[in-house]
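Novice: requesting a structural model of the entry that follows:
(chains A and B)
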Amino acid sequence: MNETSQPPIIRTEQITKKVTSGQTILTILSDVNLEIQAAETLAIVGASGAGKSTLLSLLAGLDLPTSGGVYLNNQNLNRLDEDGRARLRSQMVGFIFQNFQLLPSLTALENVMLPLELKQTPQSHQVAKSWLSRVGLAERGHHYPHQLSGGEQQRVAIARAFATEPKLLFADEPTGNLDQQTGQNIIDLLFELNKNQQTTLVVVTHDKKLAERCERRITLVAGCVASHL
Amino acid sequence: MKTLTLACKLLKREWYAGEMRLLMIAMFIAIACMTSVNLFSDRIEKVMLNQAADLLGGDMALTSPSPIPTDWLAQAEKYSLKTSRSLIFFSMLSVQDKFQLTSIKAVEKPYPLRGQLKTADQPFTAGIVTQDIPSPGTLWIQSNLFPLLDAKINEAIAIGDIKLNVTQVLTYQPDPPGNLFSLSPFAMMNMQDVARTGVIQPGSRAQYTLLLSGDEQSLNAYKGWLTPRLAPGQKIVGKNNSRLSVQNTLERVQHYLGLGSLISVILAGVALIVSLKRFTRRHYDMVALMRCYGASAKEVLLIYFWILVGVGIIGIFLGCLVGYFAQYLLEKILASLVQLELPTASYFGLWFSALTGILVLFAFGLPPLWQLTRVTPLKVLRRDLMPMPISSVWFYISGIVLISGLMFWYTKDIHLAVIILHGCIMACVLFLLGGWGLIYLTGHLRKKVGISWRYGLANLHRHWQNSLLQITAFGFTLMVLLLLIIVKNDLITTWQNELPKDAPNYFVINISPEQVPAVQEELSKGVGVKTEQIFPMIRGRLYLLNGQDILQALNENQRKDEIFQREINLSYTDILPHNNLLVKGRWFKPGDQQVISIEKGLSERLGLNIGDTLGFRIGAQTIEGKIISIRELNWGSLQPNFYVLFPPGVLETFPSTFITSMYLPNNSSSIIAQLIAQFPNITVINMAEILAQVQGLLTQSSNAIQYLLLFAFLSGFVVLYATVYASLDERRYEANILRALGATSRQLKAGLMAEFLTLGALAGFLAGLVANATGMALGYWVFNLSLSFNMALVLLGMLAGSVMVCGIGYFCMLCANSNK
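Specialist: Numbering: from 1, shown residues only, chains lettered A, B, ... in the order given. Okay, here's the model as predicted:
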């Protein structure tokens, strides 16, 4: 337990993830213990194949550990079925992805509206519009993803992630597909919004600059937490 | 509500993506086809159910092969029933040297008691309702008789011994003939003139009808009085009672049209599966994202379910709209076969089509959608994660259940539905196996052809599942089309070719016993005339088997045999007719009594054997005979043929007429003219006319089916488009690589054409083979004809298949590329 009185928003207990590949069992994560406080920013770093994205998927309840427990907002994710975890995510989780994950058939505005509509947020159109303008794309709402640059697409993804005002935001390599300058702009935008919204931010990244902007960093090596700063 | 709202928004956004429109078009074509058939059937149904009295010409009718006793009419009047007598017979009408066998109805006032007559002043113009009937000395004839007889209004037409003036064109009458002869022209005359024609003699083939109308109670009371008095061959026809012959024809029309429309429904289902598979595959990322943002599996399924319903509703609505108008064309094609004025359609046909559309949507559409519930949210991080596939068994089961249900609905006969379903499955298996073999073989040709063909054949080979689907979809439709050509042309041509050159081409019936020597003498005078044996005909009803009521002794299927629907012709002879072959037992010996010889097919159908005794009711008497021989005979020989033959000395005392057939060289119409002039009661049937009528009937039926096949081809188009569209991403990727390696647009197009050309040719080749095989089987098992393999049909199939698939395929690629 942390020294503060508030319980952590995420807590993991000895989580291990193994996958079977043919006859071989591969251990992707091994005995990871972690606590993340509300409004904290945390970077998960490590080499490719170290298990960063797997850890992120377990923390967000997109997957379940082979053993050990993940507690999101004090709820044991192991005890929830797929739909139960989906409900929990809809209440408190947002995502930003390396490849943006914008739906090509929807406009920028419609992409931002999607999680709001799923959550049945009233006036989702207005809310989405205001978020697009906050990321500087007020005039590009009717454009389709293929009509936007990589940086603009990631801005749309950031607007979509913040639009539902999640308590917890997971970002998987948010600057991975962007050039240095655009990446820097995206990092600035992400942290500015995060500061304003007081969101807990968990970022998986290779980007040192991005990792350094976070309050805490953990380094994974071969599925184990090697350092905790 | 949340899912519905989301679905509406998604549908709006996804509308311009190809699959949605494809789904809609597939539904639209299938529903348009079904609606046109259903509405048309519904109108026929309405006529049969609600206007039975109008069809009949009265509330009830008594039909009889002999004149109706006058005291029966008097009795009807005692029950306060209105009565009207009519008489239907076949006779030759002639104007100078033109002859035409015609179905004639003689009527008396008031006629009809229900329904109406319509006449026109000039042939081939619309008729108006008339309250009159032909006055004595006049004749009303159908439009198509005018050109056949070279007749004009107010011209005299000879019928038997008299001439009648044509004063009106008969455009509509109740109870038109509904059998094979429905295509023979008809005419109407006054009952008072019948005796003067001399056509009707004792024993002549004619149907006497007493039409009755009145309140239900009186009708029932009269029916109660009449029933015990009915002689064999007499029957009461009325609402909720026995069926009119036209009703049987109409019902068959309904069945075949319904089955024809099923081809488009099946193809629409296939198009639905193919396009939905790509649609769902393209939506895995979206679903993963929705799951990631908190949508449950149920919500995802519901969202896509509503999208499917939305697209389906648009397709169904448009299909119903177009189908509504398309049915009028169907009506036009089948006009002379149906011969009825159909009422406007009720909403039932529309509702039924819409319901079928929804069922098609669910049966074929839900299984691919179900796959979406298996998309894991983890896919947002690992794009390679694909949902676990659902068993494809459900695709087949849901589709087959629906199609079987519809087949049963259209045929109302589980036995027939099962046979057709088996046939369809067998044809599909043949197409799949044959297609697979041919694709495999063409794959080997790749090494021997140029780059474009190699690319085309490689595509065909690599997308073998899609190729098989396309070959089956197009092959099946082409096969039906080619089979129609065989039925329409080859069967009759083969039969005609199989007949010897001097095979009989005329039947002479209704010869009274005392006329036999004179008729035979007259015919022997004709140069080149070759007559066959002359046979007496006595009408009797089969009703006993080994002393027991035969219907009770037989099983349900056997009881349905057409032999029990009517009186059969019995005959007697001491010489085995020359086209008959004794296959079991022995022929009659002098002095044989109470023995019979039966036809092989009849013995097989009813399970009869040597030693069984059959009883026949002739008039009021019963004649029994033990089966001592079974004969095989050629029904297509154009000679008088009989199910049952007696030895001489048994049937001579019963009233009879005689029948013979003869060969008359061309330009012998003077012999017929003389024959009719001398013996006005006899009927001469020209087989060429009957064949022309059969061919006309087949042409009309096949035109209607071809019309429906147009929808099937459109559905096949959608299947092709859907499969091409489903492989579009891959095709684009390959095209880009080929371009990067230096391939020109021309080469790419040539590759594509090679693929479609081969696909169409393979489908056409298989269609030709299966159609030939089906035609030969039909010929052998049903018509007893040995049809030769028609290679031209295979070539025609290949040509038609290549041209169509190539054209459609190229169009698909153009459309698909413009949708980039």
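
Novice: quick check, B:N459 in contact with B:E755.
Specialist: Yes: contact between B:N459 and B:E755 holds when scored by CB atoms under 8 Å: they sit 4.8 Å apart. Yep, even glycine has a C-beta here, placed from its N, CA and C like the rest.

Novice: which of those two has more neighbours?
Specialist: When B:N459 is set against B:E755 and neighbours are counted by other CB atoms under 10 Å in any protein chain shown, the residue ahead is B:E755, at 26 against 23.

Novice: do you know the pLDDT at B:P177?
Specialist: We have a pLDDT of 52 for B:P177.

Novice: again with B:I153
Specialist: Predicted confidence (pLDDT) for B:I153: 91.

Novice: same question, B:L212
Specialist: So B:L212 comes in at 91 (pLDDT).

Novice: show me the contact partners of the strand or helix carrying it.
Specialist: According to DSSP states H and E, B:L212 maps onto strand B:206-213. Residues outside strand B:206-213 that contact it (CB atoms under 8 Å, 6 or more residues apart in numbering or on different chains): B:53, B:56-68, B:72-73, B:76, B:81-89, B:111-114, B:200, B:219, B:222.

Novice: using CSV, list the CA coordinates for it.
Specialist: Output of strand B:206-213 as CSV, limited to C-alpha atoms (Å, rounded to 0.1, in the frame of the first residue of the first chain):
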residue,chain,number,x,y,z
ALA,B,206,-68.7,-34.1,-74.9
GLN,B,207,-69.2,-32.6,-71.5
TYR,B,208,-72.7,-31.6,-70.5
THR,B,209,-72.9,-29.1,-67.8
LEU,B,210,-75.8,-27.9,-65.6
LEU,B,211,-75.0,-24.6,-64.0
LEU,B,212,-76.9,-23.7,-60.8
SER,B,213,-77.1,-20.7,-58.6
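
Novice: give me the buried positions along that strand.
Specialist: By neighbour count on 16 or more other CB atoms under 10 Å in any protein chain shown, the buried set for strand B:206-213 is B:A206, B:Y208, B:T209, B:L210, B:L211, B:L212, B:S213.

Novice: so where's chain A shaky on pLDDT?
Specialist: A:1-5, A:229 (pLDDT under 70).

Novice: flag every residue of it that's near chain B.
Specialist: A:53, A:56-57, A:60, A:62-63, A:82-83, A:86-91, A:93, A:95, A:97, A:99, A:101, A:103, A:105-106, A:110, A:114-115, A:117-120, A:164, A:172 (CB under 8 Å from any CB of the partner chain).

Novice: any of those residues buried? List them.
Specialist: The buried subset of those - by 16+ other CB under 10 Å - is A:53, A:56-57, A:60, A:62-63, A:86, A:88-90, A:93, A:95, A:97, A:99, A:101, A:103, A:105-106, A:110, A:114-115, A:117-119, A:164, A:172.

Novice: filter the residues you listed down to the ones in strands?
Specialist: A:V93, A:F95, A:D172 (DSSP state E).

Novice: can you give the domain ranges for chain B?
Specialist: B:1-56+B:244-412, B:66-71+B:85-205, B:414-503+B:686-716+B:725-820, B:530-663 (automatic domain parsing).

Novice: for the residue positioned nearest the centre of chain A, list each beta-bridge partner.
Specialist: For chain A, the residue nearest the mean C-alpha position is A:F170 (1.1 Å; CA atoms, centre = their mean). As for beta bridges, A:F170 partners with A:F95, A:V202 under DSSP bridges.

Novice: returning to what we had before: which of the contacts of strand B:206-213 fall within strands?
Specialist: B:60-64, B:82-89.

Novice: what angle do the strand holding B:L212 and strand B:60-64 make?
Specialist: If you take axes from the mean of the first three to the mean of the last three CA atoms, to 10 degrees, strand B:206-213 sits at 160 degrees to strand B:60-64.

Novice: so what's whatever residue of chain A ends up closest to chain B closest to, chain neighbours aside?
Specialist: Distance from chain B to each residue of chain A (CB to the nearest CB) is smallest for A:S90, at 2.1 Å. Nearest non-adjacent residue to A:S90, counting by CB to CB, 6 or more residues apart in numbering or on different chains: B:G294, 2.1 Å away.
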